[in-house]
Structures are given as structure tokens and as C-alpha cells.
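K.L.:
Task: produce atomic coordinates for the following.
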Amino acid sequence: MRKNLRNLRNLRMVFAAMRKSLLCASLLAVLFTLTTLAQQREPNLRPIVRGRRAAVAAGTPYATEAAMRLLHQGGNAVDAGVAATFAAAVTEYTHFGFGGEAPILIRANGRMYAISGVGTAPKLATADFYRKRTPDESDPRVMPGDKPGRIPSTGILSAVVPGMVDGMIVALSEFGAKSFADVIQPALDLADGYPIDETRSTYIERFRPSIEKWPDAARVFLPDGRVPRPGEVFRQPDLARTLRAMIEAERKAGAGGQGRKAGLAAARDYFYKGAVAKEIDRFMKANKGFIRYEDMAAFHARVEEPVAVNYRGYDVYKPGFWSQSPVMLQTLNMLEHYDLKKMGFGSAEYLHTLTEVMKLAYADRDSFYGDPLFLRPPMEALLHKGYAAERVKLVDPQKANGEPRPGSFPDFKTIHPALYKEEIKEPANPARDTTCVDVVDSNGVMFSATPSGAWLPAVVAGDTGIPLSQRLQSFLLIPGHPNELKPGKRPRITLSPTIVLKDGKPLLALSTPGGDNQDQALLQVMLDVLEFGMDPERAIEAPRMETRQLVSSFDNHAYIPLVLYVDERIDPAVVKQLEARGHKVTVRSRWRSGAAPVLIRVSPESGALEAAADPYGYRYADAW
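P.N.:
Prediction:
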């Protein structure tokens, strides 16, 4: 009996020890899981900025402050967006200036609109000139990196007609409520002087030799012959004088009782038909450039229907085929054939699928996109759901493809640059262009823009203070290609603002700098919200990847197959799986992602406006 009791006590002790051991093991498993999740999900570097009346996201505090000023003065999202863009043109000249371009998406009056504030090629700029040109170092127009048979990436020979100013005035006239004087005032204050930051000072130092080639540019960016230091007050008196003259032109028209739109037209005409156009003409003739007064006077920004697809109940709107924007729409059509949630965010399967599908969309971009006013791409076919269903059949789930594979269409010649001649595989210089401006107000007015061009080292047009764009480089010189350079034509740009509606109501506005990477970054941010349920700031800060298997829109138009950049926070095991599939993976810092998105979300539950901005790209957001 006593022996049985001892055995029972021993058995109880064994069971107690087992329970304790199992409990410890369970706790250890839980702790391991929590640690892993914590490593995968770092806390947001920035909080979501929320408001009820309006939200703004842009490139600098100067731009967001300009937008907020207009909102507090009773302006709508368009007034605020235009003010922010003008302010950015004064302060973000490393990435964008007054002579640049800006595609715009607007939701107003319950409808969607696209504005092509993109300048055209001068009438004197022909493809034959650049094909036959051999740069001569004695020619002052020759800039660093200038090579035979190419359009230079900087300098006076890469300039198109300035498009941003007219695009913004058209937006203001058709969808805003304020005057030119109202929206330009923050920019004018900044042109009179603002404390320069480290980014601007560093860029001026970096491009000093190129800036010094042009006396008018040197007078602006190298005051007293030196690089301004961070914190110094940086002034642009020539630009300030131009802006004041435009305000005066508007005031005179208003004094005649002609109304707000007539005043805006007068400000616009001062730029495109008045003193600014005449000075640009004089400067170009004196320095053997191509823009003439007639090019300026003939230019008009176009209000167009945006293109759109429905992705799983969400209506996604983009500018047309004169931009790269439809790449995202084509990709979304193909992604509907996959269960992305089941794949899991950041998995090798997800990143591989996204990469391979985007390669197909970019192959179509490189073959078919161009100004529809000159050669209409097969737009309806490219965005058709049936076409997407056929394209996804080309995706191998286990192997990366390194060949350009554009589609084919009856009566339309397929010309992919990498198939036209020997592939250019040397890396292109990274594009230095572009900022972003997004504004949404509580009345459902939405403004999304990607201002760009006229970045350093820009050529400044005489005493106007206006730096000129370098967008001519985005044309191709391949005969018969939809994006072949022709006088009066818009280059196929990379700039790509985005608006998303749900059941006809505002949901998302987003844009980013980043050149060819823009639609890749925006697509991933949007999927983070729509597919993986991330909050706006989490989506903006989440790791991203970028494929380089496309024809660069800049410099030497390089085509680099199989190269894939991934964020350093991607699991190393996932990187190995991607490499096993044939991707040439480069891991890069989160601070060098190649894009810097901003995002505004309208909460479906409360209607609150939520703004997020990429901290790794030094973007800024505000709300009211």
C-alpha cells in the first residue's frame, strides 16, 4: 500500500514536471514568435497625420505649408495643390523647377480629369539632328556625359517647352476658386528668401562645374560665386520679379472687370506670349538652343479623360499613354489572376510574381506608349481584361525571365528598343527629377500631381529666373517608334499621379518621385493598403523592390535584364529564394529605395483624412 502511494506521488511529480516543461516550451515559442514579428514589423517612424477638413502630402515643409495657407484661406484642394506645386518649384530646384512639367489628376464635381502640363518638343528639334550630332567640346552647349547619336540628358539641347505653369493655371481656372495672386504668394515669399537646406546646398556643390557653364544659372545658384551654406537665406530675385509681373498682369485684367478666369489667362499669357516667352526666345537664339517664341505661344496644357481600370472593386485612375501611368493599370489587370493575400506580403512567391508581371507591362510600355496625338497606341487593347489573361500565361512561377516580351496587335508594329538594336546594358545615371503633391479636402475634391523637370544642373533662361526642363531626353531616336522625337510632340514621361475611388467615392491619392520606379513603388504601396490592410504610414514605410528590366527613360536608355533591387529589410531567406529563381538581386538601404511616395487615404468608416509621407525620402504631410 505504501509502495503504491509512493509510486502515485512520484507519478504526480513527473506529470507536474512535464506540465512545467511544456509550459516553458510554450512560453519560449510564444516569445520567439513575438520576437520574429517585432523584427518583421518595426514601429512606424512617423505617425499618420489626420484631419477632418483637408490633408496634404508633398516633398518639403515649404510645399505643405503653402497648401495649408490656401486651405485656411478658404481654398479647395486644387487651390492648395497649385500653391504647393509653385512653392516646390521655388524650393525643390534640385528635383523640379518653374520651367518643368506636371501631369495632374483631379476629382471635382463628381468627375475625374487629367491635365497634361507637359511641354512639347520645339519645332527646331528633330530626330535627325541628334542622330547625326557629334558633340564638340568647344561647343558651349556640350554638357558632361554628352555622347554622339543621343539626346543629351542636361543642358540647353535637352529643353522642351515649359509645361507646368500652364498646367497649374488650367487646373486653377477650371477647378479652383482662388486667383493667381493668392496661390502664387507663398512661392513669391520663398523666392524673396528662405533658409536653404542641406539637400539643396549639397546638390549645388555637386553640380557646380555644370552650373558655372551658364552665367545666368551661376548668378542664381552661386550667389557671390560660392555655394550657399545650409541655413543661409537663399534668394531668387529674377524669379521673384517674373512672378510679380504675372500678378500685375492678372491685376490689370481684373481691374478691367473681366473676371477671375480672364485674370488667370492674362497671367498665363505674360508667361507664354509676353515678356517671359520673348526672353526665352532671345536666350535660346543667343545660345543656339531650339525653343522659340512661336513654340511658347502655341503651347496649351490639355484637359483629358484619364485612363482607368477596376481592380477588385476599386477604380484606379491614371494619366494617359503620354505617360508611363498605364503600366500600373496593366499590372493590376494581370494581378487579379493571383491570390496575393495567400502568397503573403514580402514572400518570395509574392515578390517574384509582382516582378514578372511588371516586366510584361513595362515591355508593352517600352514598345507601344507615346503621345497619342501623333501615333495612337492600342490603348483599349492594352487595358483589356482579356489581354491581361493571356499575358499572365507567360509567367513562370519558378523562373525569372530576362527577355523583353511585348505583346502584338494587328496593324501596329511592335518596336521594343532592346530588340531594335544591340542592348545597352550599361547602367544609366539615376534620374534626379521629380517631387510630389497630393491634397484631398472634405468636399471630395482631390488633387494628385507629379511635378518634375528643370532640376539641377538646369539652364536658367536669361533674366527670367526660370530654369528649363531636360525632358527631351525621354524621347527615343528609333524611326517609327511611338515615342520617337518629333517637333511639337510630348515626350513619354515617367510621371504618374494616382487616384483611387471606391463606389465612386474618394479613397486614395498617391504619387512619388523615382523615374521608371514610380509606378512600381506606387503599385506596392497601394497593394499594401488594399490587399494587406496596412495603415497609410505603414504602407509608405514598408519594404519595396524594384525591377530594372525595362528601357530607362533617361540618359542612355539602358536595358538591364534580371536585375532586381530589394530593401535591406527583406528576409535573407527570401533573397536566396529569389536568386534561385534567376533574379540578380541587389540588397540596398531603405534610405535609397529609388522612390519616396506620399499617400492620402479617406477613411471609409469615419471620413477622416489620413496623410502619410516617406521618411526615408524626406517627404512631409500635414492635415487640418
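
K.L.:
Next, Pro103: secondary structure please.
P.N.:
Here Pro103 is recorded as strand under DSSP: H, G, I helix; E, B strand; the rest coil.

K.L.:
which residues of the stretch 351-500 of the chain fall in helices?
P.N.:
Per DSSP state H, counting those that start in this stretch, the stretch 351-500 of the chain carries helices over the ranges 379-382, 385-391, 417-420.

K.L.:
Packing partners of the last one?
P.N.:
Yep, that's helix 417-420 we're talking about. Here helix 417-420 touches no other helix or strand, going by 3 or more CB pairs under 8 Å, 6 or more residues apart in numbering; DSSP states H and E. Bear in mind the C-beta positions are built from the backbone N, C-alpha and C, glycine included.

K.L.:
and if you look at the second one?
P.N.:
Using 3+ CB pairs under 8 Å, 6+ apart as the contact test, the elements touching helix 385-391 are helix 326-335.

K.L.:
name the helices or strands packed onto the helix it packs on?
P.N.:
Judged by 3+ CB pairs under 8 Å, 6+ apart, helix 326-335 is in contact with strand 307-311, strand 314-318, helix 348-368, helix 379-382, helix 385-391, helix 518-530.

K.L.:
Residues in contact with the helix or strand just after that helix: which ones?
P.N.:
Counting by DSSP states H and E, the element after helix 326-335 in chain order, helix or strand, is helix 340-343. With CB atoms under 8 Å, 6 or more residues apart in numbering as the test, helix 340-343 has contacts from Glu349, Tyr350, Thr353, Leu527, Glu531, Phe532.

K.L.:
Show me where the stretch 101-250 of the chain has its helices.
P.N.:
Counting by DSSP H, counting those that start in this stretch, the stretch 101-250 of the chain has helices at residues 127-132, 164-175, 180-192, 198-206, 208-211, 215-221, 237-255.

K.L.:
Quick one, which of the helices and strands packed on helix 326-335 gets closest to Pro152.
P.N.:
Pro152 sits nearest to helix 348-368 of all those, at 21.1 Å, using CB to CB.

K.L.:
circling back: nearest to Pro209 among the contacts of helix 340-343?
P.N.:
Lowest distance from Pro209 to these (CB to CB) belongs to Leu527, with 42.5 Å.

K.L.:
quick revisit: columns pLDDT, neighbour count and distance to Phe129 on top of the contacts of helix 340-343, output as a markdown table?
P.N.:
Converted to a markdown table, these look like this (pLDDT from 0 to 100; neighbours: other CB atoms under 10 Å; distance: CB to CB, whole Å):
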| residue | pLDDT | neighbour count | distance to Phe129 |
| --- | --- | --- | --- |
| Glu349 | 98 | 18 | 49 |
| Tyr350 | 98 | 21 | 46 |
| Thr353 | 98 | 20 | 44 |
| Leu527 | 98 | 22 | 43 |
| Glu531 | 98 | 17 | 48 |
| Phe532 | 97 | 16 | 50 |
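
K.L.:
Output the residues you listed as JSON lines; include the columns distance to Gly193.
P.N.:
Converted to JSON lines, the contacts of helix 340-343 look like this (distance: CB to CB, whole Å):
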{"residue": "Glu349", "distance to Gly193": "54"}
{"residue": "Tyr350", "distance to Gly193": "49"}
{"residue": "Thr353", "distance to Gly193": "51"}
{"residue": "Leu527", "distance to Gly193": "43"}
{"residue": "Glu531", "distance to Gly193": "46"}
{"residue": "Phe532", "distance to Gly193": "45"}
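
K.L.:
Tell me the one among the residues you listed nearest to Ala121.
P.N.:
Set against Ala121, the nearest of those by CB to CB is Leu527 (35.6 Å).

K.L.:
what's the spacing between the closest one and Val392?
P.N.:
According to CB to CB, to the nearest Å, Leu527 and Val392 sit 16 Å apart.

K.L.:
again with Ala454
P.N.:
As judged by CB to CB, Ala454 and Val392 stand 40 Å apart.

K.L.:
Name the nearest residue to Asp438, ignoring sequence neighbours.
P.N.:
The spatially closest residue to Asp438, leaving aside those adjacent along the chain, is Ala509, at 4.4 Å (CB to CB, 6 or more residues apart in numbering).
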